[in-house]
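**Q** With the sequence up front, the predicted model follows.
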Amino acid sequence: MKKTKGIILAGGKGTRLFPLTKLYSKQLINVYDKPLIYYPLSTLILSGIDHILLISTQKDIPLYKKLFKDGKDLGLKIEYAVQNKPKGIAQALIIGEDFIKNDDVMLILGDNIFFGDMDFLRKSREKNENATIFAYNVSDPERYGVVEFDSKGRVISIEEKPKIPKSNYAVCGLYIYDSMCSKYAKRLKPSKRNELEITDLNNLYLSNGQLKCEKMGRGIAWLDTGTPESLLDASLFIGAIEQRQNLKVGCIEEVCLRIGFLKRKNYLKLVKKYPESDYKKYLLKIYEEI
């Protein structure tokens, strides 16, 4: 089976969340009881990915290293790269070219949260031939890249922030590409925003007949946390789920243990280092239950 690596793009200026982002990037802001970055990281892990590149600013990389180090304590391998200026999502694939090499890559935006049964992501990763994107039914598609389908459910077009959307399906901040993605990204011309648009890359795959789109069903929640309102909504949502189920969402230690990346003895050794807290109590409870 071919290997898939993971990239988390956690750069950007976070201007819509100012002054929250005056000190550090929005992906370090808490969503309920843990940093936002925990949620996209757990999504990659649940997809069966243990080798990850985290891309952020020069200022914030040391903070992420303080959080995760090299990932070894979690049974992962985490590398870091700097995005000096935010020049579009597709730029992440250029920055990560040496990391990707000849493997497939799953790219996730650091401010996107997915909740539900993630088994479909693992299956999509395993079946990916060239490029796979994911679409979600939304009430405000004009804010996103919008996918248009034909009568057989095949992708006809993808349009970035259209004034008149051709469907209600928005492209999520989660993408799977083959090893050609970096070379394709280098061919892109900057948009009017002076960014390398991920929509342009997806349309390049589409024009080559190499793009698949998976629709996310009702059992999956997709939360984009780019505004103060959506950040609050995400915290309330995660809080409600955790309090109702008595299980945590985006708990990377638990996810690594359950998926088999982290051995029980190493898990316990890691958790015992943590300060006394509700988080530590929860992790110890999980250890006793699994």
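**A** That came through fine.
**Q** From now on I want contacts and neighbour counts done on CA atoms only, so please keep to that.
**A** Noted.
**Q** Let's verify the most centrally placed residue in the chain: helix, strand, or coil?
**A** By Cα atoms, centre = their mean, the chain has its centre lying nearest to residue 108, at 2.8 Å. Following DSSP: H, G, I helix; E, B strand; the rest coil, we place residue 108 in the strand state.
**Q** And for residue 158?
**A** Classified using three-state DSSP, residue 158 is strand.
**Q** ok, residue 157 touching residue 205?
**A** No - proximity of residue 157 to residue 205 does not meet the contact threshold set by Cα atoms under 8 Å, at 11.1 Å.
**Q** hmm, back to that, show me what contacts the residue nearest to the centre of the chain?
**A** 6-9, 40, 44, 173-175 (Cα atoms under 8 Å, 6 or more residues apart in numbering).
**Q** What helices and strands are in contact with the helix or strand harbouring residue 40?
**A** Using DSSP states H and E, residue 40 sits in helix 38-46. Counting contacts by 3 or more Cα pairs under 8 Å, 6 or more residues apart in numbering; DSSP states H and E, helix 38-46 packs against strand 4-9, strand 104-109, strand 112-115, helix 252-259.
**Q** Can you say which of these is nearest to residue 58?
**A** For the helices and strands packed on helix 38-46, the distance to residue 58 is smallest for strand 4-9, at 13.2 Å, taking Cα to Cα.
**Q** mind checking how far that closest one is from the chain centre?
**A** Average the C-alpha atoms of strand 4-9, do the same for its chain, and the two points are 8 Å apart (Cα atoms, centre = their mean, to the nearest Å).
**Q** can I get the CA coordinates of stretch 231-247 in CSV?
**A** Once non-C-alpha atoms are left out, stretch 231-247 reads as follows in CSV (Å, rounded to 0.1, in the frame of the first residue of the first chain):
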residue,chain,number,x,y,z
LEU,A,231,-14.7,30.0,16.9
LEU,A,232,-17.4,30.4,19.6
ASP,A,233,-19.7,28.0,17.8
ALA,A,234,-17.0,25.4,17.6
SER,A,235,-16.2,25.7,21.3
LEU,A,236,-19.9,25.4,22.2
PHE,A,237,-20.2,22.4,19.8
ILE,A,238,-17.2,20.6,21.2
GLY,A,239,-18.2,21.3,24.8
ALA,A,240,-21.7,20.0,24.3
ILE,A,241,-20.4,16.8,22.7
GLU,A,242,-17.8,16.2,25.4
GLN,A,243,-20.1,16.8,28.3
ARG,A,244,-22.9,14.7,26.8
GLN,A,245,-20.7,11.7,25.9
ASN,A,246,-18.0,12.0,28.5
LEU,A,247,-15.5,11.5,25.8
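**Q** Please save the CA atoms from stretch 270-278 in CSV.
**A** Listed next in CSV are the C-alpha coordinates belonging to stretch 270-278 (Å, rounded to 0.1, in the frame of the first residue of the first chain):
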residue,chain,number,x,y,z
LEU,A,270,3.7,10.3,28.7
VAL,A,271,0.5,10.9,30.7
LYS,A,272,2.3,10.6,34.0
LYS,A,273,4.5,13.6,33.1
TYR,A,274,1.4,15.8,32.7
PRO,A,275,0.5,18.2,35.5
GLU,A,276,-2.6,17.3,37.6
SER,A,277,-5.6,18.4,35.6
ASP,A,278,-8.9,17.2,34.3
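**Q** still on that earlier bit, more neighbours: which of residue 157 and residue 205?
**A** Counting neighbours by other Cα atoms under 10 Å for residue 157 and for residue 205 shows that residue 205 has the greater number, 20 against 16.
**Q** hang on, isn't the more buried one packed against residue 211?
**A** Yes - counting by Cα under 8 Å, residue 205 touches residue 211, with 5.3 Å between them.
**Q** before we move on, back to that, now the residue nearest to the centre of the chain: closest residue in space, sequence neighbours ignored.
**A** Nearest residue to residue 108 in three dimensions, chain neighbours excluded: residue 174, at 4.5 Å (Cα to Cα, 6 or more residues apart in numbering).
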